[in-house]
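Colleague: The sequence and its predicted three-dimensional model are supplied below.
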Amino acid sequence: MIMVETDDRLQGEQDRPRELPARIDIPDIRGEMVYLRPATQQDLEKMDTIDAYVNASGLTGKDRVAERAAVHAWVLRSEAWANGTDAGSGIDDPEQRRTIAWSLMTTTDDCESETVDAQSATEFLGMIFLIDIDGWARSARIQVILGKDYRGRGYSRDAMPRVMTYGFAEPPEGLGLHRIWVAVPEKNTRSYSVYQSLGFVPSGVSRHALWDNRLGKYQDLNVLDTLDDEFDPVRAMDAFGMHVITSNPGMEKALSQHEHTLAIRKQQLLAESGAVMEPDAQGDTTDKAGIGERMRSDSERIAQDAVESENTWPYNSAERNTSKKAWWRTLGHDRMKRRAHTDADDQ
C-alpha cells in the first residue's frame, strides 16, 4: 500500500507530541508459541547459557563480544525506562533513544498445557528488542537474538509482528511509532526473506558497513523498513499460519483495519469485474443489471478471491486446517532431532 500524505495527515503529524514518557509500562505479549515478558538483568546469564551470541557476525554483523555488550546495555536501558530512571551510565542520551527488551519464553517439550502463558512458559529462548526508539522521528529498530538451538524454528515469526503491532499502536496502548526498521548483513539471506514476508520493504544498502572475519572481507548491510499505514499484522501472521490474539496491545484496532482493507479490496475487485453492487433506497443490495442470482454468485467468488489474495500461507490447505501451533512444534522438534543426530555423528 502506498502512503498518501494528505493535508489532514500532515497536520496531525505536526500537532502530535514527540516526547517519549519518562517512564513506561512494558506489557507482556502473548504469541502462539512464545510468551514475551520484560527482560531483566537476571536473564543476561541465561543468554550465555543458551549460546545466544554464537555466529553473531553472520546474523547481525557484530562480533560476539560487541553483541553481548550491546544486549547488556539494552536490558539496562529497558529496565531503567520501566523504572523511570537513567541507565546508570552517568551520561544522559541527548536524543533520548530508549530501548525495550523482552525475554522470549516457551513451554518445555514435556509440558502438557497447549497454552503458552505466564505460568506454562518456563523455557528461555532469547530476547527481542525495540532499539533506538526515537520519539521525534517516531522510529525504532527491531532485533531478535535467539539461543543457538532455537533458531530456525518459527519463534521470530511468531514474536516480531506482535511486538511491531505494539510499537505502531497509539499511546497509551503502544508507542505510536511511524516506522520500524531492521538491519541485515548481506549474507544473512534467511533473515532477509523472513523480514520481507513480515511486510518489510528494502530501503537501502550501507556498502561495506561490516567486517566478516570468517570470510576475511567487508560485507554490505541491508536496511528494510515498514511504516504504520503499510504494516498489516494480520496478514503478516497469516502468512505463516499464526492466530491473531486480540488481548495483545494494538491488536483489536489492527484487526479492524485489516477487515476494512479487505472490504475495500472486495469492492475494487467487484468494480473491476463489472459486478458492482449498490444499496437501494431501503439499504438492500441489488445489482445494476438486474441479473441478481448470477451477480451474487460472482460476488461471492470475487469476495473469496479477495480473502484468498490476502492469504499467503505457503503450505497446503490440509496443513492449514490442523493446529498451527502443533505444526510449528513438529517443525521445531524435527529439527532438534536432526541436530541431535548430527551432533552424535560428529562425536
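Modeller: Great, that's in hand.

Colleague: Look up which helix or strand residue 164 falls in, please.
Modeller: Secondary-structure assignment from DSSP states H and E places residue 164 in helix 155-168.

Colleague: now swap in residue 194 and tell me
Modeller: Residue 194 belongs to helix 189-197, assigned by DSSP H and E.

Colleague: between the very next helix or strand once past that helix and helix 189-197, how many degrees?
Modeller: Counting by DSSP H and E, the next helix or strand C-terminal to helix 189-197 is strand 201-212. Between the axes of strand 201-212 and helix 189-197, defined by axes from the mean of the first three to the mean of the last three CA atoms, to 10 degrees, the angle is 160 degrees.

Colleague: burial measure for residue 152, as a count.
Modeller: 14 (other CB atoms under 10 Å). All C-beta spots, glycine's among them, are computed from the backbone N, C-alpha and C.

Colleague: again, but for the one 10 residues further on
Modeller: Residue 162 has 27 neighbours, counted by other CB under 10 Å.

Colleague: Can you pull the domain assignment for the protein?
Modeller: Here the domain parsing of the chain from automatic domain parsing is 19-250, 254-340.

Colleague: Check the gap between residue 42 and residue 212 for me.
Modeller: 33 Å (CB to CB, to the nearest Å).

Colleague: picking that back up, on contacts alone, who are the packing partners of whatever helix or strand comes next after the helix holding residue 164?
Modeller: For helix 155-168, the following helix or strand on the C-terminal side (DSSP H and E) is strand 179-185. Packing partners of strand 179-185 (3 or more CB pairs under 8 Å, 6 or more residues apart in numbering; DSSP states H and E): helix 56-59, strand 139-146, helix 155-168, helix 189-197, strand 201-212, strand 217-227.

Colleague: tell me the angle the last one makes with strand 179-185.
Modeller: Taking the same axes, to 10 degrees, one finds strand 217-227 and strand 179-185 inclined to each other by 160 degrees.

Colleague: Report the buried residues of the helix or strand just after strand 217-227.
Modeller: Next in sequence after strand 217-227, counting helices and strands by DSSP H and E, comes helix 233-238. Judged by neighbour count (16 or more other CB atoms under 10 Å), helix 233-238 contains these buried residues: 233, 234, 235, 236, 237, 238.

Colleague: secondary structure class for residue 36?
Modeller: strand (DSSP: H, G, I helix; E, B strand; the rest coil).

Colleague: you'd agree it is up against residue 26?
Modeller: No. Residue 36 lies out of contact with residue 26 (CB atoms under 8 Å); the separation is 9.3 Å.

Colleague: Which neighbours do these two have in common?
Modeller: residue 102 (CB atoms under 8 Å, 6 or more residues apart in numbering).

Colleague: Compare the two (neighbour count), which wins?
Modeller: Taking neighbours as other CB under 10 Å, residue 36 and residue 26 compare with residue 36 leading, 25 against 18.

Colleague: What residues are bridge-paired with that one?
Modeller: On the basis of DSSP bridges, residue 36 is bridged to residue 29, residue 104.

Colleague: Now for it: which residues touch it?
Modeller: Contacts of residue 36 (CB under 8 Å, 6+ apart): 28, 29, 30, 102, 103, 104, 105, 128, 159, 162, 163.

Colleague: Out of those, grab the one that's most surrounded.
Modeller: residue 104 (29 neighbours).

Colleague: how about low-confidence regions in this protein?
Modeller: Counting by pLDDT under 70, the ranges of the chain that qualify are 1-11, 87-96, 273-347.

Colleague: switch to 80 and redo it
Modeller: Along the chain, the parts satisfying pLDDT under 80 run over 1-13, 15, 57-61, 86-97, 112-114, 214, 239-240, 260-261, 263-347.

Colleague: okay, the contacts of residue 36 in CSV with distance to residue 253 next?
Modeller: Below are the contacts of residue 36 laid out as CSV (distance: CB to CB, whole Å):
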residue, distance to residue 253
28, 19
29, 15
30, 17
102, 21
103, 26
104, 24
105, 26
128, 21
159, 20
162, 14
163, 16
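
Colleague: Looking at those residues, which is nearest residue 263?
Modeller: The shortest approach to residue 263 among the contacts of residue 36 belongs to residue 162, at 24.1 Å (CB to CB).

Colleague: Just to check, that closest one is in contact with residue 31?
Modeller: Yes. Taking contacts as CB under 8 Å, residue 162 lies within contact range of residue 31: 5.6 Å.

Colleague: what sits in contact with each of those two?
Modeller: residue 245.

Colleague: got the end-to-end distance for stretch 228-246?
Modeller: This stretch, stretch 228-246, spans 18 Å end to end (CA to CA, to the nearest Å).

Colleague: before we move on, what about stretch 104-121?
Modeller: Stretch 104-121: ends 9 Å apart by CA to CA.

Colleague: what sits up against it?
Modeller: Here stretch 104-121 makes contact (CB under 8 Å, 6+ apart) with 28, 30-37, 122-128, 144, 146, 155, 159, 325, 333.

Colleague: Out of these, which end up buried?
Modeller: 28, 30-37, 123-128, 144, 146, 155, 159, 325.

Colleague: re earlier: distance to residue 13 added to the domains of the chain, as a markdown table?
Modeller: Converted to a markdown table, the domains of the chain look like this (distance: least, CB to CB, whole Å):
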| stretch | distance to residue 13 |
| --- | --- |
| domain 19-250 | 8 |
| domain 254-340 | 18 |
